[in-house]
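# One predicted model, sequence on top.
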Amino acid sequence: MISASQVKELRERTGAGMMDCKKALTETNGDMEKAIEYLREKGLAAAAKKAGRIATEGLVESYIHGGGRIGVLIEVNCETDFVAKTDEFKELVKDLAMQVAAASPQYVSREEVPQEVIEKEKTILRAQALNEGKPEKIVEKMVEGRIEKFFKEVCLLEQPFIKDPDKSVNDLVTEKIAKIGENIKVRRFVRFELGEGLEKKVNDLAAEVESITSASK
């Protein structure tokens, strides 16, 4: 039985995707060093070495969905203009734009999530667990588990890939790094949804008008 900690260690040591790490460990009966060799032979471990290289080329892709109701702009970087023009890279960027449109992430990675947002979410999750009647001693473990789920919901790289939910978006990018041979970075994105936020503004305006009307009586 391959444990999650083994998969995590192999992933940290090689930079390969989660599913690739699990497969490598399964194929090598859990032998860490043999699993690393397996990934190197497949060309998947090479992604870790490329991850530190500077990526300043790339593409800005737009994606419009639902007859103009949802729009996305995303910037994805690679190392050379040559790779940026390849069909492989263009397809990846388009898939990432579609991911943002469909799954509505708020951040690229968990490192971008402000600490105050994380702490606020933990406070809410802790209160939920206590309200469910969970013992204090297991509440913290529950919070840590649920905060991981939170990251998978709001961080693009941690979301399940819409075309293959068995892998994360980060796994997809890592696989492309290994295949293309250059570092690839999702730099930023913005997502627009028609009418988003307007209802709140209308309600706020109505409340303000009511307040002024009441004060004038």
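Thanks, I have it.

# Relative to residue 153, how far out is residue 122?
Using C-beta to C-beta, to the nearest Å, one obtains 15 Å as the distance from residue 122 to residue 153. The way it works is simple: take the backbone N, C-alpha and C, and place the C-beta from them, glycine included.

# Of the two, give the one with the bigger neighbour count.
residue 122 (16 against 12; other C-beta atoms under 10 Å).

# List the contacts of the more buried one.
Shown here is residue 122, whose contacts under the criterion C-beta atoms under 8 Å, 6 or more residues apart in numbering are 143, 147.

# Leaving out chain neighbours, which residue sits closest to residue 6?
residue 25 (5.7 Å; C-beta to C-beta, 6 or more residues apart in numbering).

# Relative to residue 7, how far out is the one you found?
With distances defined as C-beta to C-beta, the gap from residue 25 to residue 7 amounts to 7 Å.

# Using CSV, write out every CA atom in stretch 74-84.
Output in CSV follows, covering the C-alpha atoms of stretch 74-84 (Å, rounded to 0.1, in the frame of the first residue of the first chain):
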residue,chain,number,x,y,z
ILE,A,74,-4.6,34.6,-18.5
GLU,A,75,-0.9,35.0,-18.8
VAL,A,76,1.3,31.9,-19.0
ASN,A,77,5.0,32.2,-19.3
CYS,A,78,7.7,29.9,-20.9
GLU,A,79,11.4,30.4,-21.6
THR,A,80,11.5,31.0,-25.4
ASP,A,81,9.3,32.6,-28.1
PHE,A,82,9.8,29.4,-30.1
VAL,A,83,7.9,27.3,-27.5
ALA,A,84,5.3,30.0,-27.1
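
# about what we covered before: tell me which element the residue nearest to residue 6 is part of?
For residue 25, the host element (DSSP states H and E) is helix 18-27.

# Then residue 142?
Per DSSP H and E, residue 142 falls inside helix 136-154.

# got the contact list for the very next helix or strand once past that helix?
The helix or strand immediately downstream of helix 136-154 is strand 160-161, counting by DSSP H and E. The set of residues that contact strand 160-161 without belonging to it, under C-beta under 8 Å, 6+ apart, is 95, 99, 152, 166-169, 171-172.

# do the same with stretch 76-89
Around stretch 76-89, the neighbours that count as contacts under C-beta under 8 Å, 6+ apart are 53-59, 61, 92-93, 96, 176, 179-187.

# Filter these down to just the buried residues.
Among those, the ones that count as buried by 16 or more other C-beta atoms under 10 Å are 55, 57-59, 61, 92-93, 96, 176, 180, 182-186.
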